[in-house]
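# Provided below for reference: sequence and predicted model.
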Amino acid sequence: MDSAFRTLTLLAGLVIVGIIVVILGSLLLRAMPSIEQFGVGFLTSASWNSTKEQFGALPFISGTVLTSFMALILGAPVSIGIAVLLTQYTKGIVRETFVFLVELVAAIPSVIYGLWGLLFFAPIVDKYVIPAINATPLGVLPIFGQQSYSYNMLLASLVLALMITPIIASFSRESLIRVPTDQRDAGIALGLTRWEVITGVVLPYARTGIISAIILGLGRAIGETMAVTMLIGNKYQVTADFFSPGATMSSLLANEFNQSPSVLHNSALFEVGLVLFLVAFVVNSFARLAITRLSHEGSS
């Protein structure tokens, strides 16, 4: 019986590995015409012209990186603050209510975020947020241009930050719960305040899990499609100006995959999908390694 169960679990594991291999292989096979045509230059070219059949992924790679990391910069501190609130400052029914709300927000479909951002949040960003940024010293930074558009990378980044916040908060909360009570008690016995215990004892002890939570949030931001497609403006350009429209790898696939008129165009889209798959795979692998390290630290 044990042997049969072991065989079944091994087969289940092999199925997962097989799915990854099949996905990677199919993407690579369909991307080969583009790889052979453009080579490494595909990753560094800013041209995307289906009429001339000139394709380069740089606008979409840069758009993905910029919006994802801006979302991380905006969302990670808030997420960690929520996790600290849930584990250190709330108890009983209040804590359970907040935990339920965080998990509920994490379960909202991305298209709902996109609709909300489109109808409600975009006018607020255009009327209040962008002028407020321009009125501060941040306005002189090159990432904030003089001309703004209704749909831009900042709007997409803000909504992405809202989407990844409950994910990072939930995983960070789990890491903070793992901190032994003895660690907190020792800090209190030394005369530390609650805030000093949190910043000097709790957060350093849970840092590996918090980092893994942030990386998982980054993976979600990189792969997000619908909300970003609806809000980013979908202009194929390489720009670091968050007030300008842009595009990401996932938004490109959503916009053009069913409209590719040629074999080379279709292959270029598959190559973009291959790059997106590899980036997401690497990011989530790093997160898994961090979680594994956290588990080993907890057991020791």
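Done, it's in.

# Now do the strands in the stretch 1-150 of the chain.
48-49, 54-55 (DSSP state E, counting those that start in this stretch).

# what residues does the last one touch?
For strand 54-55, the surrounding residues in contact (CB atoms under 8 Å, 6 or more residues apart in numbering) are 34, 38, 42, 45, 47-49, 264-265, 268. Heads up, the C-betas are built off the backbone N, CA and C, glycines and all.

# from the residues you listed, which ones fall inside helices?
34, 38, 42, 264-265, 268 (DSSP state H).

# Please tell me which one of the residues you listed counts the most neighbours.
Ala268 (28 neighbours; other CB atoms under 10 Å).

# hmm, back to that, just tell me which of the strands of the stretch 1-150 of the chain ends up closest to Pro123.
Among those, strand 48-49 comes nearest to Pro123, with 29.9 Å by CB to CB.

# counting contacts, what elements does that closest one pack onto?
Helices and strands touching strand 48-49, by 3 or more CB pairs under 8 Å, 6 or more residues apart in numbering; DSSP states H and E, are strand 54-55.

# And the helices in the stretch 151-300 of the chain?
For the stretch 151-300 of the chain, the helices defined by DSSP state H, counting those that start in this stretch occupy 153-177, 181-189, 194-197, 203-205, 207-223, 226-231, 249-256, 263-299.

# okay if I get those helices as CSV plus distance to Thr7?
Shown next, in CSV, are the helices of the stretch 151-300 of the chain (distance: least, CB to CB, whole Å):
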stretch, distance to Thr7
helix 153-177, 32
helix 181-189, 42
helix 194-197, 49
helix 203-205, 40
helix 207-223, 32
helix 226-231, 40
helix 249-256, 38
helix 263-299, 25
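
# among the strands of the stretch 1-150 of the chain, which is the most enclosed?
strand 54-55 (a mean of 18; mean count of other CB atoms under 10 Å).

# List the residues that contact the residue most central in space within the chain.
Against the mean C-alpha coordinate of the chain, by CA atoms, centre = their mean, the closest residue is Ala221 at 2.0 Å. Contacts for Ala221 (CB under 8 Å, 6+ apart) come out as 67-68, 71-72, 160, 163-164.

# What is the burial count for the nearest residue to Phe60 once chain neighbours are set aside?
Computed as CB to CB, 6 or more residues apart in numbering, the closest residue to Phe60 that is not its neighbour in sequence is Met249, at 4.5 Å. Using other CB under 10 Å, the number of residues around Met249 comes to 27.

# Confirm for me that Met249 is in contact with Val272.
Yes. Applying CB atoms under 8 Å as the test, Met249 and Val272 come out as touching, 5.2 Å apart.

# which residues are in contact with both of the two?
With CB under 8 Å, 6+ apart, Met249 and Val272 have common neighbours 57, 60.

# Could you report the distance from Ser47 to Lys235?
Distance of Ser47 to Lys235, computed by CB to CB, to the nearest Å: 14 Å.

# So for the two, which sits in the more crowded spot?
Ranked by neighbour count (other CB under 10 Å), Ser47 and Lys235 place Lys235 first, with 16 against 13.

# contacting residues for that one?
244-247.

# which among these gets closest to Ser148?
Closest to Ser148, out of all of the contacts of Lys235 and judged by CB to CB, is Ser244, at 8.0 Å.

# is it true that the closest one touches Gly233?
Yes. Applying CB under 8 Å as the test, Ser244 and Gly233 come out as touching, 7.5 Å apart.

# Next, show the common contact partners of those two.
By CB under 8 Å, 6+ apart, the residues touching both Ser244 and Gly233 are 149, 152-153.

# Adding neighbour count and distance to Val105 as columns, could you present the residues you listed in a markdown table?
What follows is these, written out as a markdown table (neighbours: other CB atoms under 10 Å; distance: CB to CB, whole Å):
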| residue | neighbour count | distance to Val105 |
| --- | --- | --- |
| Tyr149 | 18 | 28 |
| Asn152 | 26 | 24 |
| Met153 | 30 | 23 |
